[in-house]
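[1] Curious how this folds, go ahead:
(one chain, ligands or ions: 2)
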Amino acid sequence: MYLDVHDLALRKTRIRKSYAPGTLDFHSGEFRQAEPLEVRATAELVEGQIRIYGSLHTRVELVCARCLDAVVDEVSRDFDLFYRPMASVTREEEVHLDDEDTEVGFFEGDGLFLADVLAEQVNLALPMKVICSSDCRGLCPHCGANLNNEECRCESSGSDPRFAPLARVKQDWLKKQ
Ligand SMILES: [Zn+2]
Ligand SMILES: [Zn+2]
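    Ligands and ions are numbered 1, 2, ... in the order given. Just a heads-up that it's a prediction; the model follows:
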């Protein structure tokens with residue numbers, strides 16, 4: 001859905017849409033959409049700026065930072081966004097905006113795609129890191145076993161895992177004799 005300033009100048013647009021997984025490009029390999037994204041919003045033109053306000057809801061699948069298992073997280077976000085035409089920004093302002101006004105968005109040409117706005121909002125709503133549970137035991141740094149579901153043998157064997165590769169070489173050497 002394209003939000004065109006010329007259309008918005010005539011009337012505000014009410015948006016009620018559902019985006020199936022795979023239809024939005026999040027520009028991220030960190031997560032994938034697990035359920036349709038539902039959005040209810042209103043777009044209007046306010047003093048030459050595109051204003052979009054409303055809410056979105058979906059579920060995404062991320063990877064636990066400790067054990068790398070899939071974690072499904074709910075994303076609900078209210079937003080009230082303003083986008084200025086890129087052409088209205090002077091050189092001087094551009095420099096200034098980089099420093100302080102990161103809240104302000106911009107659009108180029110006649111408008112912007114709702115899909116891009118939503119993808120950005122989902123990215124902003126997600127935490128930097130997720131863990132599947134607060135007591136996730138993670139992976140064994142030596143053998144890579146997921147310590148939530150399996151007993152790792154590194155500790156019980158009592159041998160120092162740092163020497164494991166060396167021991168293996170020794171064994172191979174002994175076998176060859
Ligand atoms: Zn985990
Ligand atoms: Zn281990």
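
[2] CA atoms only for stretch 59-79 - export them in CSV, please.
    Extracted in CSV, the C-alpha atoms of stretch 59-79 (Å, rounded to 0.1, in the frame of the first residue of the first chain):
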residue,chain,number,x,y,z
ARG,A,59,4.4,-12.6,16.5
VAL,A,60,8.0,-13.1,15.4
GLU,A,61,10.4,-16.0,15.8
LEU,A,62,13.8,-15.1,17.1
VAL,A,63,16.8,-17.1,18.3
CYS,A,64,17.8,-17.4,21.9
ALA,A,65,21.1,-15.6,22.5
ARG,A,66,22.3,-18.4,24.8
CYS,A,67,21.1,-21.7,23.4
LEU,A,68,20.1,-20.7,19.8
ASP,A,69,16.7,-22.3,20.1
ALA,A,70,13.7,-20.6,18.5
VAL,A,71,11.8,-18.1,20.7
VAL,A,72,8.5,-16.7,19.7
ASP,A,73,7.9,-13.2,20.8
GLU,A,74,4.8,-11.1,20.6
VAL,A,75,5.1,-7.6,19.0
SER,A,76,2.5,-5.0,19.8
ARG,A,77,3.3,-1.4,19.1
ASP,A,78,1.4,1.9,19.1
PHE,A,79,2.9,4.5,16.8
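
[3] quick one: it near ligand 2?
    No. If you take Cβ under 5 Å from the ion as the test, stretch 59-79 misses ligand 2, and the best it gets is 13.0 Å. From N, CA and C alone the C-beta is placed, and that goes for glycine too.

[4] need the residues of this structure near ligand 2, please.
    Residues of the chain lying near ligand 2 (Cβ under 5 Å from the ion): 140, 142-143, 145, 152, 154.

[5] Quick check, pLDDT for Phe79.
    You'll see Phe79 listed with a pLDDT of 95.

[6] what about it, which SS state?
    Under DSSP: H, G, I helix; E, B strand; the rest coil, Phe79 falls in the strand class.

[7] cool, and the one 4 residues further on?
    Look at Tyr83: counting by three-state DSSP, its state is strand.
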